[in-house]
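Trainee: Okay, predicted coordinates and the sequence, questions at the end:
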Amino acid sequence: MLAKYKFAVSSWLFVSPFTTESIEPIFEKVAQLGYDAIEIAVEDPELIDAEKVAIALRKYHLTAVVCGAFGSSRDLTSHDPAIHQQCFDYIEACLKLCNQWGTNFLAGPIYSAVGKRRMLSSIDRRKEWDLAVKNVRIACEMAAQHHCQLAIEPINRFETDLVNTAADVCKLVQDIKHPAAKISLDSFHMNMEEKNPTDAILQAGNNLIHMQISENHRGIPGTGTTPWDQYAAGLNKINYQGVISVESFTPMNQQLAEAVCIWKPLADSQEIFAQQGLNFMKKTFK
């Protein structure tokens, strides 16, 4: 019987940024550990030789997930149209990578810059929401031209003030009104924002095309307080058959570590983190 899920790990667990030099050591390691897929965090497309990635995917029998990185220079809710264009150019580059690597979606908090959080008036909040709807719809049209979708990810209140919950992202998808607008969920953010993980997954329903997992403390899944049975139940109830990806971050890149507030290693090694994470996924999600 074919496995219901494919299990992946984020390149961010090992390196930041992901570059051409990262390909061989990371792909070999991920394949040896027994993963089905690698989630490639594309911080700068120009640092990556797309053809070498495609060759390595075939060599190590891995599939790819493409995850975007959205900072202040890629903010679709900026007041500066030049910033919007930078983001569209970046999304276009990522979609081309999706095509070259045989994956059909780009994942991430595409609607705004990570770290943008303010108390806005209801009028200003509505303007920002409408701008996100308008610009993400444009990005969806771009995705459709590449035969791809966008897996839009809500993130916690400490990282954005716009889209925090499954209900928020479902409303965004509804307002965008484009078939390429889909959903990605991440247990780390859900643990802070959702009252019930199962209900949140059910709300996303068939629009959920990517699932990331991380323990409540960003460490190895299964070593914290996350109610994993509720996540497994939700995915089973919607008959989810996509990738489940471990996402955490290397503490070895100071800029990344400061951005995600990881001040010390979360495992004896990143390889141990990845191996124990995979072991946990295999026994929990089936």
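Mentor: In hand now; what should we look at? Numbering: from 1, shown residues only.
Trainee: those helices in the stretch 51-200 of the chain, which residues are they?
Mentor: Along the stretch 51-200 of the chain, counting by DSSP state H, counting those that start in this stretch, helices occupy 81-101, 122-145, 166-176, 187-193, 197-204.
Trainee: Tabulate the ones you listed (JSON lines), appending distance to I272, mean neighbour count and mean pLDDT.
Mentor: Every C-beta, even on glycine, is put in place using the N, C-alpha and C of the backbone. Putting those into JSON lines (distance: least, Cβ to Cβ, whole Å; neighbours: other Cβ atoms under 10 Å; pLDDT from 0 to 100) gives the following:
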{"stretch": "helix 81-101", "distance to I272": "27", "mean neighbour count": "17", "mean pLDDT": "98"}
{"stretch": "helix 122-145", "distance to I272": "36", "mean neighbour count": "17", "mean pLDDT": "96"}
{"stretch": "helix 166-176", "distance to I272": "32", "mean neighbour count": "19", "mean pLDDT": "98"}
{"stretch": "helix 187-193", "distance to I272": "19", "mean neighbour count": "21", "mean pLDDT": "97"}
{"stretch": "helix 197-204", "distance to I272": "26", "mean neighbour count": "21", "mean pLDDT": "98"}
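Trainee: Go through those and name the closest to F7.
Mentor: With respect to F7, and counting by Cβ to Cβ, the nearest of the helices of the stretch 51-200 of the chain is helix 187-193 at 14.2 Å.
Trainee: Remind me what that closest one packs against, helices and strands.
Mentor: Helix 187-193 is packed against helix 197-204, strand 208-213, with contacts defined by 3 or more Cβ pairs under 8 Å, 6 or more residues apart in numbering; DSSP states H and E.
Trainee: To Q86, which of these lies closest?
Mentor: strand 208-213 (24.1 Å).
Trainee: Buried residues, the helix or strand following that closest one. List them.
Mentor: Downstream of strand 208-213, the first helix or strand assigned by DSSP states H and E is helix 228-237. Residues of helix 228-237 classed as buried: 228, 230-232, 234-235 (neighbour count, 16 or more other Cβ atoms under 10 Å).
Trainee: Tell me the one of these nearest R126?
Mentor: Compare each of the buried residues of helix 228-237 with R126 using Cβ to Cβ and the shortest gap goes to G234, at 30.6 Å.
Trainee: how close does that closest one sit to S11?
Mentor: Distance of G234 to S11, given as Cβ to Cβ, to the nearest Å: 26 Å.
Trainee: low-confidence ranges in the protein?
Mentor: 1-3, 250-261, 263 (pLDDT under 70).
Trainee: 80 instead?
Mentor: For the chain, the stretches flagged by pLDDT under 80 are 1-3, 249-267.
Trainee: ok so, going back, pipe the helices of the stretch 51-200 of the chain into a markdown table and attach distance to G224 per row.
Mentor: Formatted as a markdown table, the helices of the stretch 51-200 of the chain follow (distance: least, Cβ to Cβ, whole Å):
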| stretch | distance to G224 |
| --- | --- |
| helix 81-101 | 31 |
| helix 122-145 | 32 |
| helix 166-176 | 21 |
| helix 187-193 | 9 |
| helix 197-204 | 14 |
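Trainee: Format the buried residues of helix 228-237 as a markdown table; extra columns: distance to S269.
Mentor: Below are the buried residues of helix 228-237 laid out as a markdown table (distance: Cβ to Cβ, whole Å):
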| residue | distance to S269 |
| --- | --- |
| W228 | 23 |
| Q230 | 30 |
| Y231 | 26 |
| A232 | 27 |
| G234 | 31 |
| L235 | 29 |
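Trainee: Kindly indicate which of those lies nearest Q149.
Mentor: L235 (18.6 Å).
Trainee: picking that back up, I'd like the helices and strands packed on helix 187-193 as JSON lines, with distance to A64 appended.
Mentor: Putting the helices and strands packed on helix 187-193 into JSON lines (distance: least, Cβ to Cβ, whole Å) gives the following:
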{"stretch": "helix 197-204", "distance to A64": "22"}
{"stretch": "strand 208-213", "distance to A64": "12"}
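Trainee: Could you double-check that A180 lies in contact with H146?
Mentor: No - using Cβ atoms under 8 Å, A180 is not in contact with H146, being 9.4 Å away.
Trainee: Which one's more surrounded, those two?
Mentor: A180 (22 against 18; other Cβ atoms under 10 Å).
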